[in-house]
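Undergrad: Have a look at this prediction, sequence included:
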Amino acid sequence: MLDQANEDDLENAKSMSIIVTKGTLDWAYPPFILGTTAAAMDMKVTMFFTFYGLVLLKKKLDLKFTPLGNPAMEMPMMGTHVSMPNLLGVLPGVGGAAGKMMKNLIRKKGVASIEDLREAAVETDVRLIACQMTLDLFEYSEDDMIDGIELGGAATYLEVASKSDINLFI
């Protein structure tokens, strides 16, 4: 009887799927925070990494950050919040400086790194699917990616999404 109860719990477990399409530092946090939090709440989580989001599964991360096209970006400085004019984002070196500022702020505030969040996703059995088409398109191999992922395509994701309680596109 206990085995049947455990099976019923698994069948009734909430589930979430996330399509991860962006691979910059600021866009990496939402899917990993939501995915690992949902997994910690005993949800079944699947993350499907496609196009530029695929780089988040690479063994070596070199995440960039760009203020360009992000007019809502405000950084805490000298006791206030300073907005960066969108036009500054096109100047050479501004993206790198903004990225360094963001990484320092993340470290200073004790926010988990993307590497740590990704490791937590693996440890909590989040299903990490790398888009096979994107892998081929950008000429990556499975050896370029972290251990613990699987390869799949749109059909794989849609099968999961059609049964998920929550579907997110990030």
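TA: In hand now; what should we look at?

Undergrad: which residues touch the residue lying closest to F32 once chain neighbours are set aside?
TA: Residue nearest to F32 in three dimensions, not counting chain neighbours: L117, with 3.8 Å by CB to CB, 6 or more residues apart in numbering. The C-beta positions use only the backbone N, C-alpha and C, and glycine is treated the same way. Residues counted as contacts of L117 (CB atoms under 8 Å, 6 or more residues apart in numbering) are Y29, F32, I33, T36.

Undergrad: Mind telling me what element L117 is part of?
TA: Secondary structure from DSSP states H and E places L117 in helix 114-123.

Undergrad: Next: L34.
TA: helix 25-40.

Undergrad: That helix - contacts with which helices or strands?
TA: Judged by 3 or more CB pairs under 8 Å, 6 or more residues apart in numbering; DSSP states H and E, helix 25-40 is in contact with strand 15-20, strand 44-49, helix 94-108, helix 114-123, strand 166-169.

Undergrad: ok, and which of the ones you listed has the densest surroundings?
TA: strand 44-49 (a mean of 26; mean count of other CB atoms under 10 Å).

Undergrad: a strand runs through D125, doesn't it?
TA: No: using DSSP: H, G, I helix; E, B strand; the rest coil, the assignment for D125 is coil, not a strand.

Undergrad: how much space between it and P76?
TA: 36 Å (CB to CB, to the nearest Å).

Undergrad: got the angle for the helix holding L117 vs helix 25-40?
TA: 30 degrees (axes from the mean of the first three to the mean of the last three CA atoms, to 10 degrees).

Undergrad: Name the next helix or strand downstream of helix 114-123, please.
TA: Sequence order places strand 127-131 as the next helix or strand after helix 114-123, per DSSP H and E.

Undergrad: Given that following strand, what are its sheet partners and their directions?
TA: With DSSP bridges as the test, strand 127-131 is paired with strand 44-49 (parallel), strand 149-152 (parallel).

Undergrad: on that earlier part again, okay, the helix holding L34 in CSV with CA atoms only?
TA: In CSV, the C-alpha atoms belonging to helix 25-40 read as follows (Å, rounded to 0.1, in the frame of the first residue of the first chain):
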residue,chain,number,x,y,z
LEU,A,25,24.4,36.8,-17.0
ASP,A,26,21.2,38.7,-16.3
TRP,A,27,19.1,36.3,-18.3
ALA,A,28,20.7,33.2,-16.7
TYR,A,29,19.4,33.9,-13.2
PRO,A,30,15.6,33.7,-13.7
PRO,A,31,15.4,30.2,-15.1
PHE,A,32,17.9,28.7,-12.7
ILE,A,33,16.4,30.4,-9.6
LEU,A,34,12.8,29.4,-10.6
GLY,A,35,13.9,25.9,-11.6
THR,A,36,15.9,25.1,-8.4
THR,A,37,13.3,26.7,-6.2
ALA,A,38,10.5,24.6,-7.8
ALA,A,39,12.7,21.5,-7.4
ALA,A,40,13.2,22.3,-3.7
